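In: this is the structure alone, sequence omitted:
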């Protein structure tokens, strides 16, 4: 068999070689073709989810004290004044409690130890009233039962493993690691451990090549040395092609008389480039055979290490989601962030790019939370000498993901809905170089984010209390024509959520006034809260007469969790919550939930992709399973 010797088949510039590698490997959607395996949760660090992971239990599983002090019934504190303190009796009016301890059923607030005067072992003095659920860490504060913890094709870190274990996950379906065959070639190299002969050297490149690939998340097998004989090289290549996800040759790629690998790739497949304007590493070759990537890296160890560092590490993401980025960039703060003067604080953040600006978004803060460590794209630091970060401030932040990934991240700020997480999951499977950063802020927060152009899109369900209609009057009031596009998405059933069987026999909004009924509310600005206030106003009901009206949570699932755990009797939310948590649902109203997009985003490719997913069979199928949705598209 004769091969025509060529110096270089297709030599390219350094930056072009990087671009070709990324373009070709991204198009292959390699993760979609990896097999799946179920393994023990605690062995899943640095692995990739094969499917979404949903919490089986809430974290924390019950409401706990957020401070050291005493637990009380908030009503027993209402008459306390600095000049007229009241005395509480242990057992009857309070119990001492430590941070993280559950509250007894009759207590619903915590007073810090610094704010009480201990008279003796059985009595304390308090000097001011405290609100309902003061210094109480809510059930499901980190993750709520039924909530999506991770989407498909997500790289699992150690914090994610801890969080999932706490949420009741013991086994997990993961993608199998990509398999690599490394083939050392050459007549002058010997297997390590054999007797060194004259004019020969030991094959040692595979030591560091294997280490690199293992660090990046591959399973790698090193083939015995193959001599520079065309037939032998071709047999090894063809016989192993279908058994591995990537073939890597060591040596045999330069312009010598026995450098046959590029010719073999050209014969059986396609060469994307052979030769790069880069020192060390000029002979680097990249091709494919039967849709399988094939690399041929130089035999000189310095050149091989150079190619691994400058080229292959950069594209390992397409096989294993490996991303070793740690760099600093300037980004603008999307919100005002308060911090305590004299304390240095590290804020976990999501990061995106809108127009020409990088923008960062603070995640939930608290020493008890792990979810921010799972979702973070980077960190913003508030120094001791300042009290926070103003909205719009330019801040030097550290990012933990490649810039191109952050630039391809779609920012959602708005009303919480299960289908947003499902859209994210579908997007990850469609293209795992893209993601949706989900910031639950309520409908008014989402509307504001669109007006300030700090989000690509938002979800809103805002009821006009004068007309009884949704969204349009708010859009007209807060946004200018040409700044946005509105897309009605679904009709959702809103109603009262109660324990299974509705033990308090709640039938209508007047039942919220009963002394034996405790309520759990949504945060100010949430569309669900606006609906509740509208219904209350129609009946002339004052909010101060509802027990628990001031106690707030930020998602529909959190509402349901409080009810399931018996920490509230009723709340308002959407129907899927009752199905997920096996609760009772009393329909109250049907509402319109729609999407707002900033006009600039509608001109981008990511908008087209998102619209296709919003209209996809996959999202409709998931909505049908959840229940309570009627599509308006």
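Out: Arrived safely, thanks for sending. Only a predicted model underlies this, so the values are computations on that prediction, with no experimental measurement involved. Residues are numbered from 1 along each chain as shown.

In: straight-line length of stretch 456-466, end to end?
Out: Separation of the first and last residues of stretch 456-466 by C-alpha to C-alpha, to the nearest Å is 29 Å.

In: what's residue 572 sitting at in phi/psi?
Out: Main-chain dihedrals, residue 572, degrees, to the nearest 10: phi -110, psi 140.

In: and it, what does it touch?
Out: Going by C-beta atoms under 8 Å, 6 or more residues apart in numbering, residue 572 touches 494, 495, 496, 497, 521, 522, 528, 531, 532, 559, 588. Just so you know, the C-beta spots here come from the backbone N, C-alpha and C atoms, and that holds for glycine as well.

In: next, the buried residues of stretch 487-503.
Out: 489, 490, 491, 492, 493, 494, 495, 496, 497, 498, 499, 502 (16 or more other C-beta atoms under 10 Å).

In: in this structure, where is pLDDT below threshold?
Out: Scanning the chain with the threshold set as pLDDT under 70 gives 1-9, 255-258.

In: sorry, back to before: now secondary structure too, for the buried residues of stretch 487-503, in CSV please.
Out: Shown next, in CSV, are these (DSSP: H, G, I helix; E, B strand; the rest coil):
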residue, secondary structure
489, strand
490, strand
491, strand
492, strand
493, strand
494, strand
495, strand
496, strand
497, strand
498, strand
499, coil
502, coil
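
In: my guess is residue 184 contacts residue 228. True?
Out: No. Assessed by C-beta atoms under 8 Å, residue 184 is found out of contact with residue 228, at 11.3 Å.

In: quick one, which of the two is more surrounded?
Out: residue 184 (22 against 18; other C-beta atoms under 10 Å).

In: what strand or helix carries the more buried one?
Out: In the assignment (DSSP states H and E), residue 184 maps to strand 179-184.

In: quick revisit: turn the buried residues of stretch 487-503 into JSON lines, including distance to residue 396.
Out: Formatted as JSON lines, the buried residues of stretch 487-503 follow (distance: C-beta to C-beta, whole Å):
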{"residue": "489", "distance to residue 396": "38"}
{"residue": "490", "distance to residue 396": "41"}
{"residue": "491", "distance to residue 396": "45"}
{"residue": "492", "distance to residue 396": "41"}
{"residue": "493", "distance to residue 396": "46"}
{"residue": "494", "distance to residue 396": "43"}
{"residue": "495", "distance to residue 396": "47"}
{"residue": "496", "distance to residue 396": "48"}
{"residue": "497", "distance to residue 396": "44"}
{"residue": "498", "distance to residue 396": "50"}
{"residue": "499", "distance to residue 396": "50"}
{"residue": "502", "distance to residue 396": "54"}
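
In: and which of those is nearest to residue 381?
Out: Closest approach between these and residue 381, by C-beta to C-beta: residue 489, at 37.8 Å.

In: quick one, what contacts the closest one?
Out: Each residue near residue 489 by C-beta under 8 Å, 6+ apart is listed here: 419, 459, 593, 594, 595, 614, 631, 632, 633.

In: which of those lies closest to residue 445?
Out: For the contacts of residue 489, the residue nearest residue 445 by C-beta to C-beta is residue 459; the value is 10.6 Å.

In: what about the closest residue to the closest one other than its chain neighbours, how many neighbours?
Out: The shortest distance from residue 459 to any non-neighbouring residue, by C-beta to C-beta, 6 or more residues apart in numbering, is to residue 414 (4.0 Å). Residues lying near residue 414 (other C-beta under 10 Å) number 30.

In: so what's residue 414 bridging to?
Out: For residue 414, the beta-bridge partners are residue 440 (DSSP bridges).

In: repeat for residue 248
Out: As for beta bridges, residue 248 partners with residue 182, residue 295 under DSSP bridges.

In: again, but for residue 497
Out: On the basis of DSSP bridges, residue 497 takes part in beta bridges with residue 571, residue 585.

In: pretty sure it contacts residue 582?
Out: No. Between residue 497 and residue 582 there is no contact under C-beta under 8 Å: 11.2 Å.

In: quick check: phi and psi on residue 155?
Out: Dihedral pair for residue 155: phi -80, psi 130, per degrees, to the nearest 10.

In: got a list of what the closest residue to it other than its chain neighbours touches?
Out: Distance criterion C-beta to C-beta, 6+ apart; nearest residue to residue 155, sequence neighbours excluded, is residue 321 at 4.2 Å. Residue 321 is in contact with 31, 48, 153, 154, 155, 217, 432, counting by C-beta under 8 Å, 6+ apart.

In: ok, back up a step: so which elements touch the strand holding residue 184?
Out: When contacts are defined as 3 or more C-beta pairs under 8 Å, 6 or more residues apart in numbering; DSSP states H and E, strand 179-184 packs onto helix 205-215, strand 219-222, helix 230-240, strand 246-250.

In: what do you get if the cut-off is 10 Å, keeping everything else the same?
Out: helix 205-215, strand 219-222, helix 230-240, strand 246-250, strand 292-297 (3 or more C-beta pairs under 10 Å, 6 or more residues apart in numbering; DSSP states H and E).

In: need those in JSON lines with mean neighbour count, can you?
Out: What follows is the helices and strands packed on strand 179-184, written out as JSON lines (neighbours: other C-beta atoms under 10 Å):
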{"stretch": "helix 205-215", "mean neighbour count": "17"}
{"stretch": "strand 219-222", "mean neighbour count": "16"}
{"stretch": "helix 230-240", "mean neighbour count": "15"}
{"stretch": "strand 246-250", "mean neighbour count": "25"}
{"stretch": "strand 292-297", "mean neighbour count": "24"}
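
In: rewinding a little: are there residues contacting both of residue 497 and residue 582? Which ones?
Out: Common neighbours of residue 497 and residue 582, counting by C-beta atoms under 10 Å, 6 or more residues apart in numbering, are 560, 564.

In: strands of the stretch 1-150 of the chain, start to end?
Out: Using DSSP state E, counting those that start in this stretch, the strands of the stretch 1-150 of the chain run over residues 36-40, 53-54, 64-65, 69-72, 86-89, 94-97, 109-112, 116-120, 123-126, 136-137, 148-150.

In: now those as TSV including distance to residue 407 and mean neighbour count?
Out: As requested, these are exported to TSV (distance: least, C-beta to C-beta, whole Å; neighbours: other C-beta atoms under 10 Å):
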stretch	distance to residue 407	mean neighbour count
strand 36-40	30	11
strand 53-54	27	20
strand 64-65	40	22
strand 69-72	46	24
strand 86-89	56	16
strand 94-97	47	20
strand 109-112	44	23
strand 116-120	52	12
strand 123-126	53	19
strand 136-137	36	22
strand 148-150	22	22
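
In: buried sites along stretch 328-338?
Out: Judged by neighbour count (16+ other C-beta under 10 Å), stretch 328-338 contains these buried residues: 329, 331, 332, 333, 334, 335, 337.

In: of these, closest to residue 479?
Out: Taking C-beta to C-beta as the measure, residue 479 lies nearest residue 334 of these, at 17.6 Å.

In: ok, that closest one touching residue 390?
Out: No. Applying C-beta atoms under 10 Å, one finds residue 334 not in contact with residue 390, separated by 11.2 Å.

In: and the strand or helix carrying residue 449, how far out from the chain middle?
Out: Here residue 449 sits within helix 443-451, counting by DSSP H and E. The chain centroid and the centroid of helix 443-451 are separated by 21 Å under C-alpha atoms, centre = their mean, to the nearest Å.

In: can the strands of the stretch 1-150 of the chain go into CSV with extra columns for distance to residue 221?
Out: Conversion of these to CSV gives the following (distance: least, C-beta to C-beta, whole Å):
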stretch, distance to residue 221
strand 36-40, 18
strand 53-54, 30
strand 64-65, 49
strand 69-72, 59
strand 86-89, 70
strand 94-97, 57
strand 109-112, 57
strand 116-120, 66
strand 123-126, 68
strand 136-137, 49
strand 148-150, 30
